[in-house]
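Visitor: sequence unknown, structure follows:
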């Protein structure tokens, strides 16, 4: 695999990364199960990092005379996101040990949903370059580039997508 083209991206540059287009790998479908695990684990690590950023941001803040981290809804958000990380890492370890065939279908969607909720903990501060949204952006890019390859190969269109395209065409629209 070789780098064919590099592009500059402000958010990725802040994280010390760059966006590159590479030549296709000869391994192809042989690495798909490991790629699924790698994408899941990397995105869970980024979600944990987003939780850490949010915690540091909220640590000294007060609202209604009480520390923000002591509000029940904030505690619940941290607990739920942490529980998801722990549960999905256990699921990945089952897959690696051969006790399960693959990760759940909705794993990537669950991670993306948690990123959205964790981003809300920082409010508008999350949109700053050092905030959660830069990490969420990286996670979304990893999911878009790598997760799509093992979810639905281009040759096999899912029945749901086929129904969606036929419905859109019947309504006079196009994709």
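Guide: Cool, the structure landed. These numbers come from a predicted model, not from an experiment.

Visitor: mind listing the strands for this protein?
Guide: Listed in chain order, the strands of the chain (DSSP state E) span 3-7, 19-22, 62-63, 66-67.

Visitor: Relative to residue 111, which of those is closest?
Guide: The minimum distance between residue 111 and the strands of the chain falls on strand 19-22, with 20.6 Å, by Cβ to Cβ. Using the backbone N, CA and C atoms, a C-beta is placed for each residue, glycine as well.

Visitor: which residue sits closest to residue 37, ignoring its sequence neighbours?
Guide: residue 92 (5.7 Å; Cβ to Cβ, 6 or more residues apart in numbering).

Visitor: my read: the one you found touches residue 38, true?
Guide: No: Residue 92 is beyond contact range of residue 38, at 9.7 Å (criterion: Cβ atoms under 8 Å).

Visitor: Between the two, point out the one with more neighbours.
Guide: residue 92 (19 against 14; other Cβ atoms under 10 Å).

Visitor: where's the more buried one relative to residue 115, distance?
Guide: For residue 92, the distance to residue 115 (Cβ to Cβ, to the nearest Å) stands at 18 Å.
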